[in-house]
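Q: my questions are about this predicted structure, shown below with the sequence.
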Amino acid sequence: MLLSLLSRRSLEVDSRDSYGFALRPQHIQRYREYIPIYKEEEAERLEKWKIFLEQHQKPAQACFSKEEDETPEFKHKGSSEEEHKEILPVGATELKEETSSKEEDKASLPAVATVLKEEVSLEEECKETLQIEAIKSKKETASDEEIKETSRAGASELKEEFISETSEEGDASRGKSDFAGSTESETKREAQLSEERKTCKVQKRWAQTRPSLHFIEKMMGLRVKKGKNTKDEKVNGSGDRFVSIKEAEHLSGESEDVLEEVCVNEMSANNMNASKGESDLGDGTSQEPFFSWKQELENLVHGGLPKDLRGELWQAFVGVKARRVERYYQDLLAEETNDGENNYQNSSSSSASKWRRQIEKDIPRTFPAHPALNEDGRDSLRRLLIAYARHNPSVGYCQAMNFFAGLLLLLMPEENAFWTLVGFLDDYFDGYYTEEMIESQVDQLVFEELMHERFPKLVHHLDYLGVQVAWISGPWFLSIFINMLPWESVLRVWDVLLFEGSRVMLFRTALALMELYGPALVTSKDAGDAITLLQSLIGSTFDSSQLVLTACMGFLAVTETRLQELREKHRPSVLVVVEERSKTGQDWKDTKGVATKLYSFKHNPRSLVEEKSIAEGLEDAPDLRDHSSNLDELFSGLNSEIDSLPDLQEQVIWLKVELCRLLEEKRSAILRAEELETALMEMVKQDNRRLLTARIEQLEQEVAELRQALSDKKEQESAMLKVLMRVEQDQRITEDARRRSEQEAASRRHALTVLQEKYDEAMASLAQMENRVIMAESLLEATKQYESGQAKALSSPRSSRSQGSSQDSPRKRTGILSFGLGWRDRNRSKAIFDESVDNPCSPGRETSNQEKEQ
Amino acid sequence: MGCGSSRLDRTSGRLNGLNNSENASAHDAKNLRVKLVLLGDSGVGKSCIVLRFVRGQFDPTSKVTVGASFLSQTIALQDSTTVKFEIWDTAGQERYAALAPLYYRGAGVAVIVYDITSPESFTKAQYWVKELQKHGSPDIVMALVGNKADLHEKREVPAQDGIDYAEKNGMFFIETSAKTADNINELFEEIAKRLPRPSQVQPSQPAS
Ligand SMILES: Nc1nc2c(ncn2[C@@H]2O[C@H](COP(=O)(O)OP(=O)(O)O)[C@@H](O)[C@H]2O)c(=O)[nH]1
Ligand SMILES: [Mg+2]
């Protein structure tokens, strides 16, 4: 529980985050911006979790207390009672009661206790010390950790009781007194503890989770048991992985076995009661509320775990309690001393020393300079890693595990960290960190396929830049994002991952990151820029809630079932390569014994099956197919004999293996040739395609641009047209107006001329009238003159009268002629009107004509 | 379909070495870009060498490399060409060797590092040389680096051994110290000088 120590020491140095991890200088500013957000989120989720735990604890408590009627004083202590009933012999219960009262007697510093109570970190410490104290007071413990089983059980119960007491609100006063009692002893124990650490003795550092979380623990624990059983069946045939656990169970005394059996029996009884063993609460809770409850929990987990509960919840998720075998951890560590006595086979001890050396190299390089990983912390880390390597020799130690172990140690006591590590590495990451790392390679292929499916454009772009997705995603998966994402985000991803109990969250998170940052990558020009950009974006993913929500909500289709399908699809290709490597690698792996060499075959019989199925796919190599099936037989034979090989037989087998290897090599060479050919074709195609697609894209863009331009032009045109039409219309209107006015003008003019005519006519007729008047006057005058002449002639001869009359007529005519000529002169321009005027004129003319004739 | 091809990619390292060699060192004669991979036993100082070269720092408590990590750095040479190194620093533990092809495939440069105080790491370096001769790009530039030269009082691998082995295998050899920065820049400058220039090697690249 190193983190709790940390928080007490207030280590918020500038360059470290609230977990004590170093921040990259370029991220300090952003981290600071997120501190208030994190705090707000934390407060919010703390509230939610509190309500949730309170709600779901009560029904559980009620049904437990029903069973606890004989010991009514425990009623209020929550679900831990259940364990009392299961395991505690009557004597132990008495002991416990005794000690608890002793502790109460010591109660003297309630004020100090209140302070302590506020500090979760100290609380944890107290639990531990109390526990140890209790053991000491029972005096069976003394120097080393060889504790009698009964007292062990008693002690653990005792400790559990303290936890339940201190963590329950209703019991505050009792809790306080317990703590007060413990503070005195704590200081005493501190010295002893650190001494123990220094001497590197195997020590018990184990704490149970608080009772308020037991209902979660129980549900998750069932998952473990189911998983474990199936695994045992699987493993029994080919591996010896869990043999050591079983051995430990047998070795560790009878009460241990009883404990295990009780648990198992109880579980199986529950399973029989509930249909399909789905409802694990069993104790009267029906299936319906159980499901709603789990959904609620899932939502809470997506929102993140409260800091103070994280360590315990992780344990609950992984099912630490169900996994834990008493003393197993201590026994694993005790083997250390036996190492020198060559208890091991040669091969395994050489590989063990390899782990040891690697672990030693890596310990100082695990969260370097983290304040909590001081000398003691590193000792814990070392023990944890060594114990795991011994627990699961097929994995041993693999780089990355140092970080996992380090992280767990920051959140929980050492042995709890061990079981958590065991839980998620053995179950969730089975085959991931083994010597061949097969599953991690398979996962990369699976991820690549999902990327192709989800982000074809991005993959295409990365392809174009020459970046392979696995370069980047490989380290993400292997480190489970530690040192990749900011810590808050790492923890949030782990929350979900451990809760779900599979690697689905790895994929979803990786996809979410690609979704978040893919678009930015499209701008990068070369491989280096793209990777650098992505790395820096990933490194500053401080918005952990956004990340987790994108991951959990955005990629619901990525399920364990789907992943399994894809894994099955891609595993063969990985196995082929692994096989090949293990062959070519022989010359430098000389140090490995035959057993180790064969171990890899034995460990992975699957690979041979795959090989065989591939060989069957090759129609043109039937002889090889036969060989490979022979091979299979050979190996199955080997597997049974391998454990007791005399030297000669070993050599024979070795030769056989060598032979088989050569045959295989030949076959894989054929395979390889084919692959090369196809790959070559593929490459050429891809290359052409790449160029073409690039061209097409460019052209498409141009076309789009042109189209855009065209539509712009069209728009302009139509606008112009409209304007034009309007202008035209205007024009037409004015034209019309003009024409109309012209017409009007014309008609006016016409009217004018008509009027003029009329006027002229009138004038003419006036003139005519005048003429007539004149003529009539002159006629009158002439007549008067004639009459006067007549009168004179009456007095003269008749002859002269006839002459005179003949002379008279021309004179009279001249008068009329002169009028006629004058009139004609005046009207010469208006000849047209002659006709109309003819009649009155004609006599004049006639006269003039007559004159000319004359 | 894309997956089919990537599967083949993976299973045929040799092939990819060939085909991706266009990626290895490119593109115009004045600005080269090259993928460089660091290989070698765990703890020999690969990460420290990269950090020294890229950031100019030495952190005695560097982190364990999980999988691989990437950094890039550009240097200018005297003939005014620039070389951009895209550096893949790999994990050293033996089992991670299974992932190494992913990173050395298509690399134009491989820097193989050992620790002069550890003969075991020298053996491991020889393994990497062989592996690259088999599976790396045929025109890969290889450098053998004996690191931690500052710890000469603890030296267990004589410099001559490194020189001899490098000569036999047509490699460039240098002893460095990430701690004191000795020969770190020289290492990368020397590599840059040895890079095949596009004009000499690939007069006609596929049009891109
Ligand atoms: N004295 C000395 N120590 C070095 C040097 N380079 C690296 N180291 C140390 O060697 C350890 C491992 O270095 P690292 O770069 O992590 O090794 P890698 O596993 O090859 O990446 C680090 O703790 C460094 O302190 C060096 O040049 N001199
Ligand atoms: Mg490294």
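A: Structure received. Ligands and ions are numbered 1, 2, ... in the order given.

Q: in the stretch 251-400 of chain A, which residue sits nearest ligand 2?
A: In the stretch 251-400 of chain A, the residue found nearest to ligand 2 is A:Arg365; the distance is 8.1 Å by Cβ to the ion. All C-beta spots, glycine's among them, are computed from the backbone N, C-alpha and C.

Q: ok, that residue - contacts?
A: A:402, B:61-64 (Cβ atoms under 8 Å, 6 or more residues apart in numbering or on different chains).

Q: buried subset of those as a ChimeraX selection?
A: Those of the contacts of A:Arg365 that count as buried under 16 or more other Cβ atoms under 10 Å in any protein chain shown are selected in ChimeraX with:
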select /A:402 /B:62,63,64
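
Q: now tabulate the contacts of A:Arg365 in CSV and tack on pLDDT.
A: As requested, those are exported to CSV (pLDDT from 0 to 100):
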residue, pLDDT
A:Asn402, 94
B:Thr61, 71
B:Ser62, 78
B:Lys63, 88
B:Val64, 93
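
Q: among the contacts of A:Arg365, which are located in helices?
A: A:Asn402 (DSSP state H).

Q: which one of the contacts of A:Arg365 is nearest to A:Glu54?
A: Using Cβ to Cβ, A:Asn402 comes nearest to A:Glu54 of these, at 38.4 Å.

Q: I'd say the closest one and A:Glu360 touch.
A: No: assessed by Cβ atoms under 8 Å, A:Asn402 is found out of contact with A:Glu360, at 10.7 Å.

Q: could you check the pLDDT of the residue of the stretch 251-400 of chain A closest to ligand 2?
A: pLDDT, A:Arg365: 90.

Q: A:Ser380 too?
A: 91.

Q: can you get me a residue count around it?
A: A:Ser380: 25 surrounding residues under other Cβ atoms under 10 Å in any protein chain shown.

Q: does the top helix by length along chain B reach chain A?
A: Assignment by DSSP H gives helix B:119-135 as the longest helix of chain B. Yes: using Cβ under 8 Å from any Cβ of the partner chain, helix B:119-135 comes into contact with chain A via B:123, B:126-127, B:130, B:134.

Q: okay if I get those as CSV plus neighbour count and pLDDT?
A: Listed next are the residues of helix B:119-135 next to chain A as CSV, based on neighbours: other Cβ atoms under 10 Å in any protein chain shown; pLDDT from 0 to 100:
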residue, neighbour count, pLDDT
B:Thr123, 15, 95
B:Gln126, 15, 96
B:Tyr127, 19, 94
B:Lys130, 14, 94
B:Lys134, 11, 90
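
Q: helices and strands of chain B: which one has the lowest mean pLDDT?
A: helix B:13-19 (a mean of 34; mean pLDDT, DSSP states H and E).

Q: any idea how far ligand 1 is from A:Val490?
A: Applying Cβ to the nearest ligand atom, to the nearest Å, the value for A:Val490 to ligand 1 is 21 Å.

Q: contact residues of chain B facing ligand 1?
A: B:40, B:42-48, B:60, B:62, B:65, B:92, B:147-148, B:150-151, B:177-179 (Cβ under 6 Å from any ligand atom).

Q: hang on, the earlier thing: just the contacts of A:Arg365 now: which is nearest B:Pro198?
A: B:Ser62 (35.0 Å).

Q: not counting its neighbours along the chain, what's nearest the closest one?
A: Nearest-residue entry for B:Ser62: B:Ser47, 5.1 Å, with adjacent residues in sequence omitted and distances by Cβ to Cβ, 6 or more residues apart in numbering or on different chains.

Q: I'd say that neighbour and B:Val66 touch.
A: No: contact between B:Ser47 and B:Val66 fails when scored by Cβ under 8 Å: they sit 11.0 Å apart.

Q: low-confidence ranges in the stretch 601-750 of chain A?
A: A:601-661, A:663-664, A:666-668, A:670-671, A:673-674, A:677-679, A:681-685, A:687-689 (pLDDT under 70).

Q: ok, now which ones touch A:Val442?
A: Neighbours of A:Val442 in contact, by Cβ under 8 Å, 6+ apart: A:567, A:570-571, A:574.

Q: per-residue pLDDT, it?
A: 95.

Q: how near is it to A:Glu448?
A: Distance from A:Val442 to A:Glu448, counting by Cβ to Cβ, to the nearest Å: 11 Å.

Q: so what pLDDT did A:Ser796 get?
A: 55.

Q: correction: A:Asp376
A: At A:Asp376, pLDDT is 86.

Q: now it: how far from B:Lys63?
A: 21 Å.

Q: now do the contacts for whatever residue of chain B ends up closest to ligand 1.
A: Ligand 1 sits closest to B:Gly45 of chain B, with a gap of 2.8 Å, by Cβ to the nearest ligand atom. When contacts are counted by Cβ under 8 Å, 6+ apart, B:Gly45 touches B:113, B:115, B:147-148, B:178.

Q: repeat for A:Met401
A: Taking Cβ under 8 Å, 6+ apart, one finds A:385, A:388, A:421, A:425, A:433 in contact with A:Met401.

Q: what about 10 Å?
A: A:Met401 sits next to A:359, A:362, A:366, A:384-385, A:388-389, A:395, A:421, A:425, A:429, A:433, B:64, B:66 when contact means Cβ atoms under 10 Å, 6 or more residues apart in numbering or on different chains.
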